[in-house]
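Peer 1: Sequence and predicted model, in that order:
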Amino acid sequence: MTLLELIRKRRSVRNYEDRPVEKEKIEYVLECARLAPSAVNYQPWHFIIITQEEVKKELIKCYPREWFKKAPLYIVACMDINQSWKRAGDGKEHGDIDIAIAVEHICLAVTEQGLGTCWVCNFDPVLCKEILGLAKQTEPVVILPVGYPDSTEPVPSKRKTIKETCTIIE
């Protein structure tokens, strides 16, 4: 499969089969995240993988949607604000950008492994931090539910064209 084919196959999955994800697949996905580029190679991320039912039930309180509850595991992508690079000119924090790159590596690896996921950013970060007992400098940025997509998952929506999203200056 080419990279373009993989990108076309990736979509937001909100309906999962009731079966666990193999440890080898999660290790593969995490290796893909580990190799993601980051500003000044600071790698300000930390990923928390949650499969334990008690912790999953608590985490669901951060984003109580029915579809979210069905995922067999969650990956919480966190940023260490003390480790992320800040641009000298204006102090722009690049940790969110670094996390976004690593998370998209995860999304593509998940797809390649026959799994599905969906970016969840609209969650309660304060509650999430409390549930996971995160240090003061560690911020949860994204929660990724991961599992095998249910065959009833709807077809992805239409994408904008290149002309609608790009300007080419020649």
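Peer 2: Cool, the structure landed.

Peer 1: Take the lengthiest helix in the chain, keep the C-alpha atoms, and write them as CSV.
Peer 2: If you go by DSSP state H, the chain has its longest helix at helix 95-112. C-alpha atoms of helix 95-112 as CSV (Å, rounded to 0.1, in the frame of the first residue of the first chain):
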residue,chain,number,x,y,z
GLY,A,95,4.4,21.1,21.9
ASP,A,96,0.9,20.9,20.5
ILE,A,97,2.3,20.8,17.0
ASP,A,98,4.7,18.0,18.0
ILE,A,99,1.9,16.1,19.6
ALA,A,100,-0.2,16.5,16.5
ILE,A,101,2.5,15.1,14.3
ALA,A,102,3.0,12.1,16.6
VAL,A,103,-0.7,11.5,16.9
GLU,A,104,-1.1,11.5,13.1
HIS,A,105,1.7,8.9,13.0
ILE,A,106,-0.4,6.9,15.4
CYS,A,107,-3.6,7.3,13.3
LEU,A,108,-1.8,6.1,10.1
ALA,A,109,-0.2,3.2,11.9
VAL,A,110,-3.5,2.2,13.4
THR,A,111,-5.1,2.2,10.0
GLU,A,112,-2.3,0.2,8.5
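
Peer 1: what residues does whichever helix or strand comes after it touch?
Peer 2: Downstream of helix 95-112, the next assigned helix or strand under DSSP states H and E is strand 116-117. Residues outside strand 116-117 that contact it (CB atoms under 8 Å, 6 or more residues apart in numbering) are 11-13, 16, 75, 106-107, 110, 144-149, 153. (Glycine included, C-beta is placed from N, CA and C.)

Peer 1: Which of those fall in strands?
Peer 2: Mapping the contacts of strand 116-117 onto strands (DSSP state E) picks out 75, 144-147.
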